[in-house]
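*Asks:* sequence unknown, structure follows:
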């Protein structure tokens, strides 16, 4: 298990090359997807392609795992979250009244940003300031509330719990912890569960993975806890939408579709693995959310970054749209609400 305390770096130059972790690999050869949602699995396998990574897809309304591509990675070790930690930090800062949506913070000599733009452009300086203002104890409280450092699944024998530090990381302290997750390890399952909670209004479900037709037919959701974050979520979603429309996640957005994904990228070097890491955590569509995704990429080249993971998610959404997946979701929502 890699240590959680070694420093990670966030670099746009991609100077470091990690030769031990390939960018491309067969990500499905050991998977058991017999009882996955076949439409979702086909879309995820096709979209991930030859990349060395994992995709976890979850129904945000129940916590059912729809598919896991590359189960070895998804259930295995935790990885630095990179900038996917930022929505959790934003939520904590809003809840603690450290900022409002319109608060402008100085992020450069003559440059200021509000929360929406800082989320869209994944500005580290903005989130370092939030972490420093809140302090480690507050950041830790919200990280654990949102499910970091604990098992995301229910009765998943091979699942790794990730890790959440009990003290500020030696390298960069709570500031770097808040900007790109220094000292934290998360799994694709944990980020998929958190994305699902953001999608459904604040219910953190135990993720369950049916392994028989009977389990599929008799599926019953299990709530881990209610987060009581609904009043703040619109401000978080505004930043996640901005990331997709004009920020680091714009490669996920296919303007030919009616569904509107929102999400957050993450890009950094993880010296504990060692490898480059690219994340995209997302859900679609916002009106009637039916699917939440966590996409993780690992490797040793500049292709491994958050925008590439967002591109993978975009291909998943496009394939699902071609299969009328989101149309079926909207019709189902109308039937269930009686409208």
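*Replies:* Nice, I can see it. Only a predicted model underlies this, so the values are computations on that prediction, with no experimental measurement involved.

*Asks:* Surely residue 65 is in a strand?
*Replies:* Yes. If the criterion is DSSP: H, G, I helix; E, B strand; the rest coil, then residue 65 is within a strand.

*Asks:* Would you map the helices across the stretch 101-250 of the chain?
*Replies:* For the stretch 101-250 of the chain, applying DSSP state H, counting those that start in this stretch gives helices covering 115-120, 124-134, 136-145, 173-180, 188-200, 213-217, 233-246.

*Asks:* possible to save those helices as TSV with mean neighbour count, mean pLDDT and distance to residue 305?
*Replies:* Quick note: C-beta positions are derived from backbone N, CA and C, even for glycine. Shown next, in TSV, are the helices of the stretch 101-250 of the chain (neighbours: other CB atoms under 10 Å; pLDDT from 0 to 100; distance: least, CB to CB, whole Å):
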stretch	mean neighbour count	mean pLDDT	distance to residue 305
helix 115-120	24	98	16
helix 124-134	22	99	15
helix 136-145	18	98	24
helix 173-180	24	97	13
helix 188-200	27	98	16
helix 213-217	11	96	36
helix 233-246	20	97	14
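
*Asks:* where does the chain dip in pLDDT?
*Replies:* In the predicted model of the chain, residues 1-19, 256, 328-339 satisfy pLDDT under 70.

*Asks:* Tell me which residue is most central in it.
*Replies:* Closest to where the C-alpha atoms of the chain average out (CA atoms, centre = their mean) is residue 281, at 2.8 Å.

*Asks:* follow-up on the earlier one: now render the helices of the stretch 101-250 of the chain as a markdown table, adding distance to residue 300.
*Replies:* Formatted as a markdown table, the helices of the stretch 101-250 of the chain follow (distance: least, CB to CB, whole Å):
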| stretch | distance to residue 300 |
| --- | --- |
| helix 115-120 | 28 |
| helix 124-134 | 23 |
| helix 136-145 | 29 |
| helix 173-180 | 19 |
| helix 188-200 | 20 |
| helix 213-217 | 38 |
| helix 233-246 | 26 |
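
*Asks:* sorry, back to before: contacts only, for the residue nearest to the centre of the chain.
*Replies:* 84, 87, 191, 192, 194, 195, 263, 264, 266, 293, 294, 295 (CB atoms under 8 Å, 6 or more residues apart in numbering).

*Asks:* Residue 150 is in contact with the fifth one, correct?
*Replies:* It stands for residue 194. No. In terms of CB atoms under 8 Å, residue 194 does not count as a neighbour of residue 150; the distance is 11.7 Å.

*Asks:* moving C-terminal of the helix or strand containing residue 68, what's the next helix or strand?
*Replies:* For residue 68, the enclosing helix or strand under DSSP states H and E is strand 65-69. Using DSSP H and E, the next helix or strand after strand 65-69 towards the C-terminus is helix 71-75.

*Asks:* in that next one, what counts as buried?
*Replies:* Using 16 or more other CB atoms under 10 Å as the burial criterion, the residues of helix 71-75 that qualify are 71, 73, 74, 75.

*Asks:* So what touches it?
*Replies:* Contacts to helix 71-75, defined as CB under 8 Å, 6+ apart, come from residues 27, 30-32, 53-56, 68, 156, 158-160, 187-189, 296, 298.

*Asks:* Please pull up the helix or strand immediately following it.
*Replies:* Scanning forward in sequence from helix 71-75 by DSSP H and E, the next helix or strand is helix 86-95.

*Asks:* how many degrees apart are that following helix and helix 233-246 in direction?
*Replies:* Relative orientation of helix 86-95 with respect to helix 233-246: 140 degrees, computed using axes from the mean of the first three to the mean of the last three CA atoms, to 10 degrees.

*Asks:* got the angle for helix 86-95 vs helix 136-145?
*Replies:* Using the same axes, to 10 degrees: helix 86-95 against helix 136-145 is 120 degrees.

*Asks:* List the contacts of helix 86-95.
*Replies:* Around helix 86-95, the neighbours that count as contacts under CB under 8 Å, 6+ apart are 98-101, 115, 118-119, 122, 127, 130-131, 133-134, 138-139, 141-143, 146, 148, 178-180, 194, 198, 229, 232, 235-236, 239-240, 264, 281.
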